[in-house]
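[1] for reference, the sequence and a predicted model appear below.
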Amino acid sequence: MEIVPAGTDLFARWKTAKENILLALAPKQLSKLAGLEFGREDFEFRPLAAGHVDEKALLLAQLVREEFRRGEPENHLYMDSLLTVFSTYLLRNYSTFQDNPASRHRGGLSPKAWRDVQDYIRANIGEQLSIERLALLAGLSPSHFLRAFKLTAGRSPHQYVLARRLELAEHLVITTDMPLTQIARLTGFANHSHLTATMRRHKFTTPSALRRARTIR
């Protein structure tokens, strides 16, 4: 792993085949995340020795790679979660925050926070949701929110939101004559094809098949 400061030229050459993932993290966004996680936005990254290997960072990078390789519009909330975890990991382990004791939020979301988050998701199910916004509603830092949400819901935020989107899409397909392209848009999918592929993978059916079955009945 290498950490390259923003605006710095980078040149590298390898004599053997090598795969790399280059994540460009916006300085302003990193500073904002640092403020949410550590209570201050000013920090500096610490230089790494050449050839440094970090197995945890590699695992996160592989998850990012797999999401890009799906060949379909990525799950925005899942990618947002991965980048939040990755960025927080970098700040906690490779910056001047390294010497700060990590605060721990124990337990899940409070009943009020859980209601507020659920209400917000329902009201904005067709929009791009962000971990930062959901965490703000719950009154937690992004990394603490991810852990608390899973303890409360039994699944990660992106899994929960995807399930709600598929449930709503299935309901609209069966109970209305709304065009499938419109249903896909209203339920937060990139297009009809994205909805179809996702429903096939998770529900073992498609919107078209559900609508045909309704007509037969």
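    Thanks, I have it.
[2] helices or strands next to the helix-or-strand element of the chain with minimal mean pLDDT in the packing?
    Ranked by mean pLDDT, DSSP states H and E, the weakest helix or strand in the chain is helix 207-216, scoring a mean of 85. When contacts are defined as 3 or more Cβ pairs under 8 Å, 6 or more residues apart in numbering; DSSP states H and E, helix 207-216 packs onto helix 157-175, helix 180-186, helix 192-203. All C-beta spots, glycine's among them, are computed from the backbone N, C-alpha and C.
[3] could I get these as CSV with mean neighbour count and mean pLDDT?
    As requested, the helices and strands packed on helix 207-216 are exported to CSV (neighbours: other Cβ atoms under 10 Å; pLDDT from 0 to 100):
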stretch, mean neighbour count, mean pLDDT
helix 157-175, 18, 96
helix 180-186, 17, 96
helix 192-203, 17, 92
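[4] how about those helices in a markdown table, adding distance to F43?
    Formatted as a markdown table, those follow (distance: least, Cβ to Cβ, whole Å):
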| stretch | distance to F43 |
| --- | --- |
| helix 157-175 | 26 |
| helix 180-186 | 40 |
| helix 192-203 | 37 |
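[5] which phi and psi does L48 have?
    In terms of degrees, to the nearest 10, the main-chain angles of L48 are phi -100, psi 150.
[6] what sits against it?
    Taking Cβ atoms under 8 Å, 6 or more residues apart in numbering as the criterion, L48 is in contact with M1, E2, I3, Y94.
[7] dump stretch 172-182 to PDB, restricted to CA.
    In PDB, the C-alpha atoms belonging to stretch 172-182 read as follows (Å, rounded to 0.1, in the frame of the first residue of the first chain):
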ATOM      1  CA  LEU A 172     -45.900  -1.700  -7.500                       C
ATOM      2  CA  VAL A 173     -45.400  -4.300 -10.300                       C
ATOM      3  CA  ILE A 174     -48.200  -6.400  -8.900                       C
ATOM      4  CA  THR A 175     -50.700  -3.800  -7.800                       C
ATOM      5  CA  THR A 176     -50.300  -1.100 -10.500                       C
ATOM      6  CA  ASP A 177     -50.000  -0.700 -14.200                       C
ATOM      7  CA  MET A 178     -47.100   1.700 -13.900                       C
ATOM      8  CA  PRO A 179     -44.400   1.200 -16.600                       C
ATOM      9  CA  LEU A 180     -41.500  -0.900 -15.300                       C
ATOM     10  CA  THR A 181     -39.000   1.800 -16.200                       C
ATOM     11  CA  GLN A 182     -40.900   4.200 -13.900                       C
END
